[in-house]
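In: whatever this is, show me its structure:
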Amino acid sequence: MSFQAYLDVIEDKTGKTPRQLVEEAEAKGFGEAGVKAGAILEWLKDEYGLGRGHGMALVHVLKNGPTISDKHVGSGGTHADASTELWLDGKASKPQP
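Out: Got it, this is the predicted structure:
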């Protein structure tokens, strides 16, 4: 599953775009330096029923922004992403390649 696919599934499971969840997390103080991933994962599990894998994808975006490594970009493998920039504004508004 690509990184973007994880974010798309998060939207399906929660009914919120990744950007909305990041904003909610920041409002709860989870975007501040020193906040451990475990606290964020616990919130995502309790509030939205997200598991560790999907939760860690959101933790990455919260801590690092929408840019990912180019390791799998264009690789054609199961983890391949189209770009190093993740789309956070919802599947319905995502530009098609």
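
In: neighbouring contacts of the helix or strand harbouring residue 61?
Out: Following DSSP states H and E, one finds residue 61 within helix 52-64. With CB atoms under 8 Å, 6 or more residues apart in numbering as the test, helix 52-64 has contacts from 3, 6-7, 9-10, 13, 18, 21-22, 25-26, 30-31, 37, 40-41, 44-45, 50, 68, 86, 88. For the C-beta atoms, the positions are set from N, CA and C on the backbone; glycine is no exception.

In: now restrict those to buried residues only.
Out: Neighbour counting over the contacts of helix 52-64 (16 or more other CB atoms under 10 Å) leaves 3, 6-7, 9-10, 18, 21-22, 25, 30, 37, 40-41, 44, 50, 68, 86, 88 as the buried ones.

In: closest to the centroid, which residue in the chain?
Out: residue 58 (3.2 Å; CA atoms, centre = their mean).

In: got the contact list for residue 29?
Out: Residue 29 neighbours (CB under 8 Å, 6+ apart): residue 35.

In: that one is in what secondary structure piece?
Out: According to DSSP H and E, residue 29 maps onto no helix or strand at all.

In: can you tell me how far it is from residue 2?
Out: As judged by CB to CB, to the nearest Å, residue 29 and residue 2 stand 30 Å apart.

In: ok, now residue 36?
Out: Using CB to CB, one obtains 26 Å as the distance from residue 36 to residue 2.

In: who's more crowded, the two?
Out: Taking other CB atoms under 10 Å, residue 36 and residue 2 do not tie; residue 2 has more neighbours (18 against 10).
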